[in-house]
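Have a look at this fold, sequence not included:
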């Protein structure tokens, strides 16, 4: 990949981030890699690297971060936040980035679809008679196949 | 005295003694099982039964508790006695077939298989445990039951609360039957030895460690049994000099003093609260302090590198850095502890030396901080020569591996992905912290502390505290290593000395000595004193025999033996003996001269003899202590040693101690911050100083600096210093002046100063070299080719001038380690990381919108300077690491200054434009060979001066009377320069204050007639003592200056002409000793 041109990066993005309580300490990061070492996602997918993401944020690489798919890999296990020697709220920061991405309309298609389904149907996976038959066989009580109450929670979703 | 016979041999004993006591002393062996020297004898085992003939009939008695009477005849080896012993052993062996002690006894008495049915017990009912518990004042166990049911047990046969866990029963049990867990209700643990970091136990009465001062045992009242029960006191019974008093109370003493120096130190961080490292849970996770004890030859494993869980040698060891330092989240220690990087590297290198090069040592770090003198080279060698692995990744946790006794560490590799590796042993490099009790003490004393709870001092008064008259030194003033602590110690002494200078010598007492007797022409009359040293020598060597043997040696006129030759009353006896017997030479055969030689020499002087007419021979450390198991040979060796000592001392002549007058003026070379501080300290302590500076103005590099790391204004403080120096009547400041030549030696230097062609000679007693260093000019990164590229000092000039152009800058870049830590300059310039932080923060202050980026290899903001690093990050300064093999590229592009560097975390290059590029250029020494030769002081390959000892003599040279301070020793910031300047002054005052100094009489001397002028002694002497004679009949030959000679003997050994002789260890004396072996 080409060099990151710091002159092109967005200083307002950094300022905006630092205003948020979740991100107020990200400047304290000194790249010790404790978070990466403990991260279960980094171990299996090297596109997710919390220290790298924080650095990209500090460089002001707004587009690259918010449009990325890797910020969505954070499993919210909180290992990094628990172990960070500087007290950076890494997991909360990832959540903040995810929220910012959604606001700008960059959430991945899968996430978008999940959001739509949850708001519309009340659940991600459909539940029908077939599932209830299996439940009956296992001695479990049946579950409702529709979730009408969701219409009260999100009236503008159809 | 009662006289009787044992086996026909006449022996003597005191009234009330038992047969066994007298037999032991006479070297007659009687076996025992239930006897213990601390307990009254009980006659339980009957093994010591002997035959007794009272004149009419024979009876059998137990030797341990049968009192002696006049004329009795005892037989210990008759057939009946021996058969009796055999039967006892056979019976016991049948009862306890598996006890090792009994099996050995069985072998000794030729018993193969007992004739009786085995019982599988392991207690021989000797009663030692019961008796000692009673002695302890406790009675937690006793004999219970009767006849064949008898056994040792607790009340009601359950674990008892009465047991205090003292362990005496288990320690005296000869068979191993006693198990403390069966007796005590609570868990019994050894008392943790503080010195061995709890890795071994210690007794309630203990010597804290081998080098403790005083080197005497102490009693820990919290665990001593006497204080719990009123019993025991065995220690008091055994002490031969009644030194133990259990009634001692704590005393509060009030002292009136003029000044206080605080040197209370630190405590190592306890990593138990960092649960993710597993300390306290996994036996193979230990602190670095515990590892030090394991490596130490005097430690719990005697220096054998084994791991706690199974005693096996580890194959892979990991060090985790920054445990309890640079850590704000889990503990309150945001500072850097300064020493852990270096000690971890040292431990890794030494571990490999102990265990072999195959040992895999890995250090996990964030930054490697080897910023001390010669430390960077040590780091390079650790990597390149010793193969220590360094991995830049902090370790979050230490985990166990299922099914294997290994520890697993997950870290980030060069590809930025997590990797897991197993290790046999994990060492936590724990940091330093101030103990809570010390923080409270500081509050009580009204001493201001820093955020990290260390003593707060201003940079220009580095050992001062917030309270006048109270000074501080060492780790309490901030985490630091030994060389820096020793510098501060001398510095604090200088400050206290300046405060108290009026009172100097008012409380000292002068000792008067009698006139020295002239013994020339007298026949040697030698007195020999052989010491028992309690039982240390007397318990192995037959001291009376050695004494009597000494009397037979030529020239020996008086002999005696003493229980403790070093005691005060014995000194008086020796004095009396010398005058009554007209002795003119003394031999003491006792311990090592290192302990008491000066004491005995004082005794000789008090008796009117020259103190060199004395020879001490070591029959303790070199004889009784190492030949404990062979008393006969030990005695013979003692006789040999005494014979040799007598032969040597017979040839001893009185020696003269040169008295040196110390000229009371000091010369300080260099009027930078170090030179001025040194001169001021010397003046404050009451001495005249000639302060020489070759530039037209004082201040040195200080005139170019903006602020200290604590934010103090350098120029303002510097001008205050200059004002003080210029107005001080004791200081003669010579600007524009250079040194043209130096003659003389300690106490009597004559230095020629040269100013604009005009020469003048100055006489002085001591010299302080404070010639400093300078900022090198970089040869890379477009320095000198573009105005926007500056060095730190050049940037500081802009800060001082308050250059308005700085505010307009949009982007500033700092590059660290420019010219330092490279093959042609493999040292760290120590100050640049901190300086970069100050400058970066100042730029952000001027313009918060400015983008400031620092490109670094390792950030070395040691100690509480680490807070600056954090402040910089929080202010938005960006930090990008680079490696020496992939340096940042700096180039011009369409008139703009562009910088490109590989960001390893991103895995990509980062490019930016800079309006300002500030290079951390190396600090370069002046390499003034001429000056070095003038004072005969050495310089290392980097061009810095070589101090007498890296740790114990950092501010002085091996050459007497010459001292050093400041950057000519090694790059350092202002506070450390001033501390070292004061330290140099302090060391100089130890000479100046005495006025005259007596140099040792055991110095080398040349016979110029034999000297072949080969110059080998000149080259080999570390103290510059030999010099070539300029004039006279022996011009061209070598003469040794007795004022500088330390009597090391190097020249004597190296002289191929036999022209050199070491007085006090003359060739004739050494040959006489060899002839007597």
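Perfect, thanks for sending it. Here the structure is a predicted model, which means the values were calculated and not measured. Numbering: from 1, shown residues only, chains lettered A, B, ... in the order given.

from here on, contacts and neighbour counts on C-alpha atoms
OK.

And the residue of chain A positioned farthest from its centre, what's its pLDDT?
Distance from the C-alpha centroid of chain A peaks at residue A:137, with 37.6 Å (CA atoms, centre = their mean). On the pLDDT scale, residue A:137 is placed at 94.

for residue B:167, same thing?
Predicted confidence (pLDDT) for residue B:167: 90.

contacting residues for it?
residue B:180 (CA atoms under 8 Å, 6 or more residues apart in numbering or on different chains).

go with 7 Å
Residues near residue B:167 by CA atoms under 7 Å, 6 or more residues apart in numbering or on different chains: none.

Break the chain into its domains for me.
Picking chain A for this. Domain assignment for chain A, taken from automatic domain parsing, gives A:11-103, A:112-153.

My question was about chain B, not that one.
B:2-77, B:128-183, B:279-433, B:526-650, B:661-756+B:946-997, B:775-924, B:1000-1075.

Pick the most buried one from the ones you listed.
Comparing these by mean neighbour count (mean count of other CA atoms under 10 Å in any protein chain shown), domain B:661-756+B:946-997 comes out on top with a mean of 22.

The helix or strand containing residue B:83: which residues count as buried?
Using DSSP states H and E, residue B:83 sits in helix B:79-95. Buried residues in helix B:79-95, counting neighbours by 16 or more other CA atoms under 10 Å in any protein chain shown, are found at B:81-82, B:84-87, B:89-95.

starting at the chain centroid, how far to it?
Mean C-alpha position of helix B:79-95 versus that of the full chain (CA atoms, centre = their mean, to the nearest Å) differs by 54 Å.

before we move on, the earlier item: would you mind measuring from the residue farthest from the centre of chain A to chain B?
Using CA to the nearest CA, to the nearest Å, one gets 39 Å for the distance from residue A:137 to chain B.

Quick check: the gap between that residue and residue B:207.
According to CA to CA, to the nearest Å, residue A:137 stands 78 Å off from residue B:207.

Contacts for the helix or strand harbouring residue B:841 next, please.
Secondary structure assigned from DSSP H and E places residue B:841 in helix B:832-846. Residues outside helix B:832-846 that contact it (CA under 7 Å, 6+ apart): B:709, B:807, B:816, B:850, B:852, B:859-861, B:865, B:868-869, B:872, B:920.

could you point out where the chain is predicted with low confidence?
Since no chain was named, I'll use chain A. Counting by pLDDT under 70, chain A has low-confidence residues at A:1, A:157-158.

my question was about chain B
Along chain B, segments meeting pLDDT under 70 are nowhere present.

Which residues of it lie near chain A?
B:327-329, B:366, B:393-396, B:410-412, B:417-418, B:870, B:873-874, B:876, B:905-906, B:908-913 (CA under 7 Å from any CA of the partner chain).

and with 8 Å instead?
Contact residues, chain B versus chain A (CA under 8 Å from any CA of the partner chain): B:326-330, B:366, B:392-397, B:410-412, B:416-419, B:870, B:873-876, B:878-879, B:905-906, B:908-913.

now the closest residue to chain A within the stretch 951-1077 of chain B, nearest residue through space, not along the chain?
When scored by CA to the nearest CA, the stretch 951-1077 of chain B has residue B:973 as its residue closest to chain A, at 24.3 Å. Spatially, and ignoring its direct neighbours in sequence, residue B:973 is nearest to residue B:831 (5.9 Å; CA to CA, 6 or more residues apart in numbering or on different chains).

For the one you found, give me its contacts.
By CA under 8 Å, 6+ apart, the neighbours of residue B:831 are B:971, B:972, B:973.

can you give me the helices for the stretch 401-550 of chain B?
B:436-445, B:482-499, B:543-551 (DSSP state H, counting those that start in this stretch).

which ones are touching whichever residue of the stretch 451-600 of chain B sits closest to chain A?
Closest to chain A within the stretch 451-600 of chain B is residue B:452: 15.6 Å, counting by CA to the nearest CA. Listed by CA under 8 Å, 6+ apart, the contact set of residue B:452 reads B:332, B:333, B:334, B:335, B:864.

any idea which of the residues you listed is the one closest to residue B:76?
Nearest to residue B:76 among those: residue B:333, at 71.1 Å, using CA to CA.

Would whichever helix or strand residue A:101 is part of count as contacting chain B?
Residue A:101 belongs to helix A:90-103 when assigned by DSSP H and E. No. Applying CA under 8 Å from any CA, one finds helix A:90-103 separated from chain B by no less than 12.9 Å.

Return the list of helices and strands in contact with that helix.
Packing contacts for helix A:90-103, counted by 3 or more CA pairs under 8 Å, 6 or more residues apart in numbering or on different chains; DSSP states H and E, involve helix A:62-66, helix A:79-83.

for these, which one ends up most surrounded?
Compared across the helices and strands packed on helix A:90-103, helix A:79-83 shows the largest average neighbour count, a mean of 21 (mean count of other CA under 10 Å).

now that one, how far from the centre of its chain.
In this view, helix A:79-83 has its centroid 16 Å away from the chain centroid, taken as CA atoms, centre = their mean.

Tell me the residues on chain A that lie near chain B, please.
Counting by CA under 8 Å from any CA, chain A sits next to chain B at A:1-7, A:25, A:27-39, A:42-43, A:46, A:51-52, A:55-56, A:58, A:83-87.

Past the helix holding residue B:83, which element shows up next along the chain?
Per DSSP H and E, the first helix or strand lying C-terminal to helix B:79-95 is helix B:100-108.

And the helices in chain A, which stretches?
Per DSSP state H, chain A has helices spanning A:11-19, A:34-38, A:40-44, A:50-59, A:62-66, A:79-83, A:90-103, A:109-121, A:129-137, A:150-153. These are given in chain order.

and among those helices, the most buried is which?
helix A:34-38 (a mean of 28).

Counting by contacts, list what it packs against.
helix A:50-59, helix A:79-83, strand B:404-412, strand B:418-423.

Now do the first one: which elements does it pack against?
Helices and strands touching helix A:50-59, by 3+ CA pairs under 8 Å, 6+ apart, are helix A:11-19, helix A:34-38, helix A:62-66.

Ok, which of those helices comes nearest residue B:599?
helix A:34-38 (59.9 Å).

got a list of contacts for that closest one?
With CA under 8 Å, 6+ apart as the test, helix A:34-38 has contacts from A:42, A:49-51, A:79-81, A:83-84, B:393-397, B:410-412, B:417-419.
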